[in-house]
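Asker: I'd like to go over a predicted model; first the sequence, then the structure.
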Amino acid sequence: MPHTQFLATGFHVPARVVTNDDLAQMMDTSDEWIVQRSGIKTRYWVDRGDTGVGLAREASRKALDKAGLKAADLDCIIYCTCTPDHFEPGNGVFLQRELGLSDIPAVDVRNQCSGFIYGLSIADAWIRTGQYKRILLVGAEVHSRGLDKTSRGRDTAVLFGDGAGAAVLAPIDDDGRGVLSTHIFADGRYAEKLWVDGPGLAHDPYVSVEMLEQGLHRAVMEGRDVFKFASVKMPESVAIALKANRLTPADIKLLVPHQANLRIIEMVQKATGLREDQVYTNIQKYGNTTAASIPIALDEALAEGRLKQGDLLVLTAFGSGFTWGSAAIRW
Ligand code: ACO
């Protein structure tokens, strides 16, 4: 069976930079609090007219250009987001249309911060079995429009940013290179620890003025529980990936973790026994872009020359659901 290789990656963020001082104008917070608790200094927010699919289209075009491919060369799209432009249909078909395509499948993955690793796991299975040969895997989010930008929502509003990252995946007939493994997990007992309650069809009526007044349409989070689980489950999933491939932390050239919080990443680094230079971070610039964070970080890491052919790359993520997972890739 062939392995899955990354032909190229690309990312795109909106033009508008939002600093911590900008946020302090909107809510009771400060640059000092945000940097100390999360490491985040800036994030990007969409402007009027921007959409998640628009961000995804730009990231996809960049990845396709770098791969030397046209959209018409793709045979499948996997679109990961927890902030879709519409309830239905999913963003995948809108991206397909934006890329000028028809006929090929467009799959939507709803696994929040773990979305890119869940999507990679699906893509890898399809590529290994020969079902598809050129898969566009996208993670894209527009969080800013959903945030409560008043002091009531300050514990989440300061963390999230908008952006999109994309990867073009294809088979490689080289036993040693490509995706070596993916491991994905979930524990629905914690679904309400980080969630958006409504509008939703569990409610009757599914949307109401009362619901909006109560703020059910905003993401709410029990931050300490998320922190605790993320700090344990991400290192655990890295250990599982290493064990499955008979590798050790010393073999890792680069760990690209989901960029949720710099303090979580530091705990993951220590728990995994890695040096600082083995772990990539860019949350300082982008905040938490959920399903987009890993492909954005990966594209930046590649542009900085942090990975060479033959290096071991490990991805790990944790997020709402709870969901988490890892991937080991021989570059
Ligand atoms: N600015 C200033 N003060 C704030 C802010 C803010 N933006 N937000 C909360 N506070 C206040 C709280 O009200 C509280 O005040 P009080 O002591 O008077 O009650 C105080 O700061 C401390 O709040 P805590 O919630 O205890 O702060 P904590 O140290 O736990 O940090 C944080 C909060 C940053 C959310 C932390 O729990 C965290 O990082 N959790 C992980 C969340 C995460 O990364 N989520 C991302 C999504 S999931 C994922 O991607 C993995």
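Answerer: All right, it came through fine. Numbering: from 1, shown residues only.
Asker: So what's the residue count around residue 84?
Answerer: By other C-beta atoms under 10 Å, the residues close to residue 84 number 20. (Each C-beta comes from the backbone N, C-alpha and C, glycine too.)
Asker: where's it, which helix or strand?
Answerer: For residue 84, there is no host helix or strand (DSSP states H and E).
Asker: and the helix or strand hosting residue 97, what other elements does it pack with?
Answerer: Using DSSP H and E, residue 97 sits in helix 91-98. Helix 91-98 sits against helix 52-67, strand 76-80, strand 106-109, with contacts defined as 3 or more C-beta pairs under 8 Å, 6 or more residues apart in numbering; DSSP states H and E.
Asker: can you give me phi and psi for the closest residue to the ligand within the stretch 101-250 of the chain?
Answerer: Scanning the stretch 101-250 of the chain for the residue nearest the ligand gives residue 223, at 2.9 Å (criterion: C-beta to the nearest ligand atom). Here is the backbone geometry of residue 223 (degrees, to the nearest 10): phi -60, psi -40.
Asker: swap in the one 4 residues further on?
Answerer: Residue 227 has phi and psi values of phi -60, psi -50 when expressed as degrees, to the nearest 10.
Asker: Hmm, residue 261 and it touching each other?
Answerer: Yes. With contact defined as C-beta atoms under 8 Å, residue 227 and residue 261 form a contacting pair (7.0 Å).
Asker: Among those two, which residue is more densely surrounded?
Answerer: The residue with more neighbours, out of residue 227 and residue 261, is residue 261; 22 against 18, by other C-beta under 10 Å.
Asker: in what helix or strand does the residue lying closest to residue 62 once chain neighbours are set aside lie?
Answerer: Excluding the flanking residues, the one nearest residue 62 by C-beta to C-beta, 6 or more residues apart in numbering is residue 10, at 2.9 Å. Assigned by DSSP H and E, residue 10 belongs to strand 3-12.
Asker: pull the CA atoms of that strand into PDB?
Answerer: Extracted in PDB, the C-alpha atoms of strand 3-12 (Å, rounded to 0.1, in the frame of the first residue of the first chain):
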ATOM      1  CA  HIS A   3       1.800   6.000   2.100                       C
ATOM      2  CA  THR A   4       0.300   9.500   2.100                       C
ATOM      3  CA  GLN A   5       2.600  12.400   1.400                       C
ATOM      4  CA  PHE A   6       2.100  16.200   1.700                       C
ATOM      5  CA  LEU A   7       2.700  17.600  -1.700                       C
ATOM      6  CA  ALA A   8       2.400  21.200  -0.500                       C
ATOM      7  CA  THR A   9       0.700  23.400   2.100                       C
ATOM      8  CA  GLY A  10      -0.600  26.900   2.100                       C
ATOM      9  CA  PHE A  11      -2.400  29.300   4.500                       C
ATOM     10  CA  HIS A  12      -4.300  32.500   4.500                       C
END
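Asker: Just want the angle from that strand to helix 52-67.
Answerer: 120 degrees (axes from the mean of the first three to the mean of the last three C-alpha atoms, to 10 degrees).
Asker: Let's see stretch 62-70 as CSV, backbone CA atoms only.
Answerer: The C-alpha coordinates for stretch 62-70 follow below in CSV (Å, rounded to 0.1, in the frame of the first residue of the first chain):
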residue,chain,number,x,y,z
LYS,A,62,-1.6,28.7,-2.4
ALA,A,63,-1.2,25.0,-1.6
LEU,A,64,-2.2,24.0,-5.1
ASP,A,65,0.3,26.5,-6.7
LYS,A,66,3.1,25.2,-4.5
ALA,A,67,2.2,21.6,-5.5
GLY,A,68,2.3,22.7,-9.2
LEU,A,69,-1.3,21.4,-9.5
LYS,A,70,-4.6,22.9,-10.7
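Asker: chain center to it: distance?
Answerer: Chain-centre distance of stretch 62-70: 20 Å, with C-alpha atoms, centre = their mean, to the nearest Å.
Asker: repeat for stretch 209-222
Answerer: Relative to its chain's centre, stretch 209-222 lies at 24 Å (C-alpha atoms, centre = their mean).
Asker: Who are the contact partners of the residue nearest the centre of the chain?
Answerer: Ranked by distance to the mean C-alpha position of the chain (C-alpha atoms, centre = their mean), the top residue is residue 291 at 2.1 Å. Contacts for residue 291 (C-beta atoms under 8 Å, 6 or more residues apart in numbering) come out as 80-82, 109, 111-113, 115-116, 119, 139-141.
Asker: Thanks again, I'm all set now.
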